[in-house]
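Undergrad: can't give you the sequence, but here's the structure:
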C-alpha cells in the first residue's frame, strides 16, 4: 500500500502510538466509570442503611433529600409490595415511577441489590433494592449527570488523542526525514557512482551510530572499487602492450621475409621460427587471461633461475634484426663478458 519506506515508518510509528493512547484512554475511562459508579453505589448503600436504621418508617416521614457520599443528592424512593404494587413514594418526581423486573426482585430476597434500571419516563437510574417486612424498599439516583460527566471525559480523551496523533504525525515526519537523510545522501552518491563517477564519497558527519558505520563502510567499498577499476585499466593497458609486442615482432618477421627478394630458405625458416615463438607467448597470455575470466583459482609459481644477459640480449637482437633492416637501420651489440 505504502511504497515509500519513510511513509511506512511514519505510519507504523503512528499506529503504535495510537494503540498506546487507545489503551491508556481505555484505562482512564474504565477507572473513571468504575469510580463514578462506586461513589453512587456507596451513596445508595448508605441510604439503604439509613432507611433500615429508621425502623422502616413510612416514606412520608422519610426525607427524600439525603446526604450521600460527596454531597447532597436527590433520591427517588419507593416501597412496593411483593406483587410490585407501589405502597409509598416520596413523590419527588411526581407520577414517575421506578421500573424493577421480577428477576431483580428475586435477587434481592437474600441481600440488597444495586443495579441500573429505568424510570417510566425512560431515563436511566442506579437503584438499590432492599427487602423489608411488607415488600421492598427502593432508593434510586438519576445517572444523567454522571453519564454526562463520563461522556465528556470520553469526548475529551478522543479529541486529545486526535490532536496528539496529528502532532505525532508532524513530529514523526520531521524526525524520520532527519533520521533518513544520511540514507538519502548514500542513495544519491550511489546514483552518481552508477553513472561512472567513482570519485564520489559520502563523508557523513555526525555521531558514530549505525548510519555513520554504514556510510563509512560504503565509502570504503567505493574506495576499493575505485582502486580495482584503476588497476583493471592499468591491467588492460599492460595486456594490450604485451599482446601488441609479439604481434608486431611476428608480423615484422613475416613481412620482411616476404618482401625481401633475396630471402634464403634459412632466413625464411628463422623468420617463421621467431614468429612461432612470439605466437606461443601470445597463446600462453591468452590462456592465462581465459583462466582469470573464468574465475579459476589461478596460481602460477615463479621459476627463478640465472640467465646469461649476453645470450638474452642476443636473442632480442636476432628477433628484431629483420624488422630493423626493413626500416633501413641496423642493430648491434658490443661484445662484453
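TA: Done, it's in. What you see is a predicted model; the values in this text were computed from it and never measured. Numbers count the residues shown, from 1 in each chain.
Undergrad: CA only for contacts and neighbour counts going forward, please
TA: Noted.
Undergrad: who touches stretch 19-35?
TA: 150, 153-154, 157, 161 (C-alpha atoms under 8 Å, 6 or more residues apart in numbering).
Undergrad: taking those one by one, which sit in helices?
TA: The helices, defined by DSSP state H, take in 150, 153-154, 157, 161 from the contacts of stretch 19-35.
Undergrad: Mind picking the two most distant members of these?
TA: Comparing all pairs in the ones in helices among the contacts of stretch 19-35 by C-alpha to C-alpha, the longest separation belongs to 150 and 161, at 16.3 Å.
Undergrad: in the stretch 51-200 of the chain, which spans are helices?
TA: 102-107, 144-194 (DSSP state H, counting those that start in this stretch).
Undergrad: May I see these arranged in CSV, with distance to residue 80 as well?
TA: Below are the helices of the stretch 51-200 of the chain laid out as CSV (distance: least, C-alpha to C-alpha, whole Å):
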stretch, distance to residue 80
helix 102-107, 10
helix 144-194, 24
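Undergrad: Looking at these, spot the one closest to residue 132.
TA: Taking the helices of the stretch 51-200 of the chain one by one with C-alpha to C-alpha, helix 102-107 is closest: 11.7 Å.
Undergrad: Quick check: buried residues in stretch 211-228?
TA: 211-212, 214-216, 218-219, 222-223, 226 (16 or more other C-alpha atoms under 10 Å).
Undergrad: and what of stretch 129-148?
TA: Quick answer for stretch 129-148 (16+ other C-alpha under 10 Å): 129-132, 135-143.
Undergrad: Keep only those of these that are in strands.
TA: 129-132, 135-142 (DSSP state E).
Undergrad: any idea which of these is closest to residue 39?
TA: residue 141 (11.3 Å).
Undergrad: My understanding was that the closest one contacts residue 76; is that so?
TA: Yes. With contact defined as C-alpha atoms under 8 Å, residue 141 reaches residue 76; the gap is 6.4 Å.
Undergrad: Does anything pack onto whichever strand or helix holds residue 275? Which helices or strands?
TA: Assigning secondary structure by DSSP states H and E places residue 275 in helix 265-293. Other elements packing on helix 265-293 under the criterion 3 or more C-alpha pairs under 8 Å, 6 or more residues apart in numbering; DSSP states H and E are helix 210-259.
Undergrad: rerun that using 10 Å as the cut-off
TA: helix 210-259, helix 309-326 (3 or more C-alpha pairs under 10 Å, 6 or more residues apart in numbering; DSSP states H and E).
Undergrad: which one of those lies closest to residue 82?
TA: Nearest of the helices and strands packed on helix 265-293 (C-alpha to C-alpha): helix 210-259, 77.8 Å.
Undergrad: how much does that closest one deviate in direction from helix 144-194?
TA: 20 degrees (axes from the mean of the first three to the mean of the last three C-alpha atoms, to 10 degrees).
Undergrad: Could I get the average pLDDT for helix 210-259?
TA: For helix 210-259, mean pLDDT is 78.
Undergrad: and it, how far from the chain's centre?
TA: 43 Å (C-alpha atoms, centre = their mean, to the nearest Å).
Undergrad: can you check stretch 13-24 too?
TA: For stretch 13-24 - counting by C-alpha atoms, centre = their mean - the centre lies 17 Å from the chain centre.
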